[in-house]
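# coords please:
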Amino acid sequence: MHNTLTAKLCLVVAAASVASANPVTVSYDGTAGNYGTAVNIQLSGGLFFQDGSSSTNLWAGQLSNTIDGQSFKTYCTELTQWAGSGQFDVVSVDQAPNPGNGMGQVKADAIYRLFNATNRAADIDSNAKAAAFQAVIWEIVYEFEGSESAISLNSGNVQFGSGISNSLFSLYSSYATNMQGDRTPTISAIINDNRQDQLLVIPLPGAAAMAGLGLAGLAVRRRRA
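Modelled structure (predicted):
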């Protein structure tokens, strides 16, 4: 099962510029034991949470999901739906969140830079780091159009109350908006019409497996694009 899911995720990354989807079964396992914290979030500009409210306390940080029997730590890409279980499609990051037309490549590249600058999120090892990391992801999805100034804790259509470290938020924002940063697609997305869509780090296959799948050359070409 591990190899099957890894292959699905890697193939999505290799074909990042091609619309593709692979169905997976997701069991949402909650936030227990994960890094993060609850923060107050206010939405405006026509955005509302799934219960119709424009302000709520929401977990900002890692989520636990079992995907086709394999455990993953994920981060969410949307605020207008709640996390949950069901059948999801594995897609490239630019195609999330769903419903909608996806965030597009500019935002996806910012998210790739963010993950790659933090060692594929392995450096996110505290509650404060996870909360700031997740906040930057939401800001990219809802606010970023190429300008660093659009990513802010206290302005725009997504605003955060206390609980997010300003210094960490600024650091992660700088990673995401550094146009010289590494935008190799080392993460993928899972999407569902009625559930909160998620970002997950793709398990790295061995070099032989990459060669067998023809992924090594594709990854190099994507990095040089």
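
# measure residue 106 to residue 149 for me?
Remark: distance between residue 106 and residue 149 (Cβ to Cβ, to the nearest Å) = 15 Å. (Each C-beta comes from the backbone N, C-alpha and C, glycine too.)

# oh, I was asking about residue 163
Counting by Cβ to Cβ - residue 163 and residue 149 are separated by 22 Å.

# so residue 169 sits right up against residue 132, yeah?
Yes: at 4.5 Å, residue 169 counts as touching residue 132 under the criterion of Cβ atoms under 8 Å.

# in terms of neighbours, single out the busier of these two.
residue 132 (30 against 21; other Cβ atoms under 10 Å).

# dig out what the most centrally placed residue in the chain forms beta bridges with.
For the chain, the residue nearest the mean C-alpha position is residue 199 (3.3 Å; Cα atoms, centre = their mean). Beta bridges link residue 199 to residue 75, residue 189, judged by DSSP bridges.

# do I have it right that it meets residue 78?
No: using Cβ under 8 Å, residue 199 is not in contact with residue 78, being 10.5 Å away.

# what sits in contact with each of those two?
Contact criterion Cβ atoms under 8 Å, 6 or more residues apart in numbering; residues shared by residue 199 and residue 78: residue 96.

# now this structure, which segments are flagged as low pLDDT?
Counting by pLDDT under 70, the chain has low-confidence residues at 1-21, 203-225.
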